[in-house]
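**Student:** please work out how this folds:
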Amino acid sequence: MKFKQSEKLYKRGLTNLVGAVNSPVRAFASVGGNPLFIDKAKGSQIKDVDGNKYVDLVLSYGPMILGHRNKRVEKAISKALKKGYSFGASSVGEIKLAKIVCDAFPGMDKVRFVSSGTEAVISAIRLARAHTGFSKIIKFSGCYHGHMDAMLVAAGSGLATLSIPGSAGVPDEAVKNTLIAEYNNIESVKKHLEENSDVAAVILEPVSGNMGVVKPSDAFIKELRKITKEKGVLLICDEVMTGFRSKFGGAQEVLGIEADITCLGKVIGGGFPVGAYGARNEIMQNVSPLGAMYQAGTLSGNPIAMAAGIATLTELKRQNPYDQFNAIAEKMENILLNAAKKHNVDLVVNRFGSMINPFFTKESVSNFEEAQKSDTEKFAKFFWAMIENGIFLPPSQFEAWFLSSALSDKDLERFENAVDKAMGKVALSL
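**Tutor:** This next block holds a predicted model:
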């Protein structure tokens, strides 16, 4: 494959864009080379500006669960566009999407739409503090909750990729109320709760996707819910990534728990900028205009985004692809492990619903520390070999891959062929 046009655009972008990108992971810092610039996409395929076609396992980092430009979603967007782009006032789409979302999450009576996952988390944490009257938040190392100051402590994904422990510009005062626990280690949570009587909430990704796919043990997640209830601490599940990806609803229900506050994004906007936070009535009544916790947004509930979200979730419910996702993910896991064994490459594969990714390591991965032991140099070689063979992956060892219902048997055959060749390239570097 040739990437001349992407290289030209990268150099051109350096003039007026920071690093020629608008999000750090897109810079390909951990895999080397210049970032690819995408021209268009349809179904399971994505095409770059050089005309190279790929099976897309990035899917805009999750939102495109139906594949790109699904006919029903595109029709709904086109219809909405003819009515106007933004009103700065209420519209019926907000009510319709709110009902779909609330009906899919037990314990969620009301929802507030915002414009990003980060904004949803900011609002959820403020809400937890308003409801409890306490200030401290417990988060888990490796779980990423957006780029708000208080959460940029021991974060995963882009920060892990760039080997940055936090972020410049975040003052000590902004993180003094953030306590860090270890994912899948309940004792680290208990210790914080024993030493601090002013904890408002514990926030986590119920299944992590930002240190790679990492699932909670049943004992950990159940005990976490139990002790937070006992202590009167709210549990915030950040389902921006996992929402609607393992079932029509949230991962928390699959795991057998119910969060006090849930954050959403990605899938519920069908590819448009949308976030949301929701909870039962007694918590949401704290939010303005019902309560004293202020939060607002000019483009919140944007009519085009609402139309895309309604159409995406309606079509997703109609298709009900979750058994299909599990079967495809299992097949992909076997393909990866068999190829690794064939080429004598150490590999572990984690998956949950329609999320999957490999770790180049011998040991199991159940937390961020274990994920960091993965061989990122091997991943970089694997990544570029997969690109050369027509599979578009996130350019980071610490990002989940996503499946869409548009994936075909032919796509999986292409994936299997690419994995075999890529593992062979990795083996040559040993």
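**Student:** any low-confidence regions in the stretch 151-300 of the chain?
**Tutor:** Scanning the stretch 151-300 of the chain for pLDDT under 70 picks out 154-166.
**Student:** for it, what spans make up the helices?
**Tutor:** Along the stretch 151-300 of the chain, the segments classed as helices by DSSP state H, counting those that start in this stretch run 158-161, 172-175, 186-195, 218-231, 251-255, 281-284.
**Student:** tell me which of these sits nearest to Phe379.
**Tutor:** In terms of CB to CB, the element of those nearest to Phe379 is helix 158-161, at 10.3 Å. Where C-beta positions appear, they are placed from N, C-alpha and C, glycine not excepted.
**Student:** surely Glu74 is in a helix?
**Tutor:** Yes. Per DSSP: H, G, I helix; E, B strand; the rest coil, Glu74 lies within a helix segment.
**Student:** domains for this protein, by residue range?
**Tutor:** 4-69+321-428, 71-318 (automatic domain parsing).
**Student:** how about the strands in this protein?
**Tutor:** 38-42, 45-48, 53-56, 110-114, 136-140, 178-181, 199-204, 234-238, 261-265, 275-279, 348-352, 355-359, 391-392, 401-402 (DSSP state E).
**Student:** any chance of those in CSV, with mean neighbour count too?
**Tutor:** Shown next, in CSV, are those (neighbours: other CB atoms under 10 Å):
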stretch, mean neighbour count
strand 38-42, 15
strand 45-48, 20
strand 53-56, 23
strand 110-114, 23
strand 136-140, 25
strand 178-181, 20
strand 199-204, 25
strand 234-238, 28
strand 261-265, 29
strand 275-279, 29
strand 348-352, 22
strand 355-359, 26
strand 391-392, 22
strand 401-402, 26
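**Student:** so how far is Met306 from Ser90?
**Tutor:** Ser90 sits at a distance of 11 Å from Met306 (criterion: CB to CB, to the nearest Å).
**Student:** equivalent analysis for Leu127, please.
**Tutor:** As for Leu127, its distance to Met306 is 22 Å (criterion: CB to CB).
**Student:** output the below-cut-off pLDDT ranges for the stretch 301-430 of the chain.
**Tutor:** Along the stretch 301-430 of the chain, the model assigns pLDDT under 70 to residues 430.
**Student:** ok, now which ones touch the closest residue to Phe402 other than its chain neighbours?
**Tutor:** Among residues not flanking Phe402 along the chain, Leu59 sits closest, at 4.4 Å (CB to CB, 6 or more residues apart in numbering). Leu59 makes contacts with Ile65, Gly67, His68, Phe402, Leu403, Ser404, as judged by CB atoms under 8 Å, 6 or more residues apart in numbering.
**Student:** identify the farthest-apart pair in the residues you listed.
**Tutor:** Greatest spatial distance among these (CB to CB): His68 and Leu403, at 13.4 Å.
**Student:** more neighbours: which of these two?
**Tutor:** Just comparing His68 and Leu403: by other CB atoms under 10 Å the higher neighbour count belongs to Leu403, 24 against 20.
**Student:** ok, for that one, nearest residue in space, not its chain neighbours?
**Tutor:** Ser354 (4.1 Å).
**Student:** now the one you found: how far from Pro106?
**Tutor:** When Ser354 is compared with Pro106 (using CB to CB), they lie 21 Å apart.
**Student:** between these two, tell me which one has more neighbours.
**Tutor:** More neighbours surround Ser354 than the other of Ser354 and Pro106, with 27 against 13 (other CB under 10 Å).
**Student:** surely the more buried one and Ala329 touch.
**Tutor:** Yes. Judged on CB atoms under 8 Å, Ser354 makes contact with Ala329 at a distance of 6.7 Å.
**Student:** what is in contact with these two at once?
**Tutor:** Common neighbours of Ser354 and Ala329 (CB under 8 Å, 6+ apart) are Leu403.
**Student:** look up how far Lys136 lies from the closest residue to Thr132 other than its chain neighbours.
**Tutor:** Residue nearest to Thr132 in three dimensions, not counting chain neighbours: Ala200, with 4.4 Å by CB to CB, 6+ apart. Remark: distance between Ala200 and Lys136 (CB to CB) = 6 Å.
**Student:** now do Ile310
**Tutor:** 38 Å.
**Student:** can you check Gly275 too?
**Tutor:** In terms of CB to CB, Gly275 sits 23 Å off from Lys136.
**Student:** picking that back up, quick one, which of the helices of the stretch 151-300 of the chain is packed in tightest?
**Tutor:** For those, the largest average neighbour count (mean count of other CB atoms under 10 Å) is found in helix 158-161, namely a mean of 23.
**Student:** and the residue most central in space within the chain, backbone torsions?
**Tutor:** The residue lying closest to the centre of the chain (CA atoms, centre = their mean) is Met241, at 3.0 Å. Dihedral angles of Met241 (phi, psi; degrees, to the nearest 10) stand at phi -90, psi -40.
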